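Engineer: turn this into a structure:
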Amino acid sequence: MQKILAIEAALPKSTFSKKKETISMKLSSLSLCILTTAASPLAVAHSQIDVQDCTKAGIGIATLMTPAAKHSRYFYNGAVQVYNVNVDEPVGRSAAIAIVMPFLESDGPGASCTAVTFFSGIDVMKAKSSYDRSKGLLLTIPFRIYDPQTGVPKPSPTPLKIRIDRIKNSVVIE
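Structural biologist: So this is what the prediction gives:
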């Protein structure tokens, strides 16, 4: 408000009226945009998608969708595996994916498992992949998200984009 008053003092009356109207319209549009985004159940559901360690997410061998061969993809010459999993709870958000990759040599033997959770449905078999040498592998996966207003899963208007960097051993949602 102080900035608007400062603008008013610096401008001639006729100029200020037009500027004030323009600023007011822009602020109203911004407020409407924020309210629309905040009120959207799908936007709220998108914000609940989580990336965490498989153990913390309750994901293990028993949660793999079977047969595993029809619910998994391999990348980085087989070093990285991506699986469809089902965690049972919460209902309507029980689908997830697990990304398994070996530790870096400096970390010793073993593998890390990263879970991306909170979907109504996701299918790694439909993932599109692209590779950027400086950033790593990008998976673009369509998914469904639970709509609390209707109680029905709906396709997300935007796919999930996950960046897997084998060199850094990292998984990030973009």
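Engineer: domain ranges for the chain?
Structural biologist: 2-39, 51-173 (automatic domain parsing).
Engineer: quick one: distance of the longest one to the chain centre.
Structural biologist: The reference is to domain 51-173. 11 Å (C-alpha atoms, centre = their mean, to the nearest Å).
Engineer: quick one: the strands in this protein?
Structural biologist: 50-53, 72-75, 80-86, 95-102, 111-119, 121-122, 128-132, 136-141, 143-147, 152-155, 160-165, 170-173 (DSSP state E).
Engineer: show me where pLDDT drops low in this structure?
Structural biologist: 1-47 (pLDDT under 70).
Engineer: hmm, try it at 90
Structural biologist: 1-49, 88-93, 103-109, 145-152, 167 (pLDDT under 90).
Engineer: returning to what we had before: reformat the strands of the chain as a markdown table; add mean neighbour count and distance to Met65.
Structural biologist: Bear in mind the C-beta positions are built from the backbone N, C-alpha and C, glycine included. As requested, those are arranged in a markdown table below (neighbours: other C-beta atoms under 10 Å; distance: least, C-beta to C-beta, whole Å):
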| stretch | mean neighbour count | distance to Met65 |
| --- | --- | --- |
| strand 50-53 | 13 | 19 |
| strand 72-75 | 17 | 8 |
| strand 80-86 | 22 | 4 |
| strand 95-102 | 21 | 9 |
| strand 111-119 | 21 | 12 |
| strand 121-122 | 22 | 10 |
| strand 128-132 | 11 | 19 |
| strand 136-141 | 19 | 14 |
| strand 143-147 | 21 | 14 |
| strand 152-155 | 14 | 16 |
| strand 160-165 | 18 | 17 |
| strand 170-173 | 16 | 19 |
